[in-house]
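>>> Pasted the sequence and its predicted model underneath.
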Amino acid sequence: MTSRLTRACAGLLLLLLHTAYAATALPEELTGIWTTRDSVLRGEALASGRALVLDSDGVGAALGADGKRVDGVRLEVTAYDPQSHTLQLNILEGGNVIANGIAVYNPGMNTLSFRKDTFWRRTRAVSATARSGLGLEARAP
C-alpha cells in the first residue's frame, strides 16, 4: 500500500512539475526557423550566424554558430499575445531557467525581433529530425 501511494504521489509531483513549465502553443505564422540576415543554413542546420527555432508546441532553441561550432539554449514560449504580437520566453540551460525574454512579431515585415536582433523566417516548420538534433523532445501527437 505504501509503495503504491508513494508512486502515485511521485507521479503527481512529476505531472505538476511538467505542467508548471509547459510551453504555450504557437500559431502557424510563428513556427519555423528564423535567422538573422547574415546567417547561413545548410538544410535545417545553422552553419553560421544566429537563429531562433520555434515549433508549434512553443518549444525551441536560440542558436549561434561561427562556421565551426554551434551553441544554443532551449527556449520555451510561456505566453503569446496576438494583439501585441509579443512572445514571452523562458531561456533554459540544463533544464533550469537562466533568463526571460520577449520577442516581438511584425506581421507586416514577417520578422521577429529578439533582444537587439531581427530574425527573418527561413522555414515554416521544424522537422522531427531538427528537433532531435537540437536535443528537444519529440512533439506530442
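Received, thanks.
>>> Give the residue spans of this structure that score low on pLDDT.
The chain contains residues with pLDDT under 70 at 1-21.
>>> need the helices for it, in chain order.
2-20, 128-133 (DSSP state H).
>>> Can you tell me what sits against the shortest one?
Contact partners of helix 128-133, identified using CB atoms under 8 Å, 6 or more residues apart in numbering, comprise I33, E44, A45, V53, D55, E137, A138, R139. (Each C-beta comes from the backbone N, C-alpha and C, glycine too.)
>>> Quickly name whichever of those residues is closest to Q83.
Set against Q83, the nearest of the contacts of helix 128-133 by CB to CB is D55 (22.7 Å).
>>> Identify the residues contacting that closest one.
Contacts for D55 (CB under 8 Å, 6+ apart) come out as L26, T31, A125, V126, R131, L136, R139.
>>> Of the contacts of helix 128-133, grab the buried ones for PyMOL.
Command for PyMOL, covering only those of those found buried under the criterion 16 or more other CB atoms under 10 Å:
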select buried, resi 33+44+45+53+55
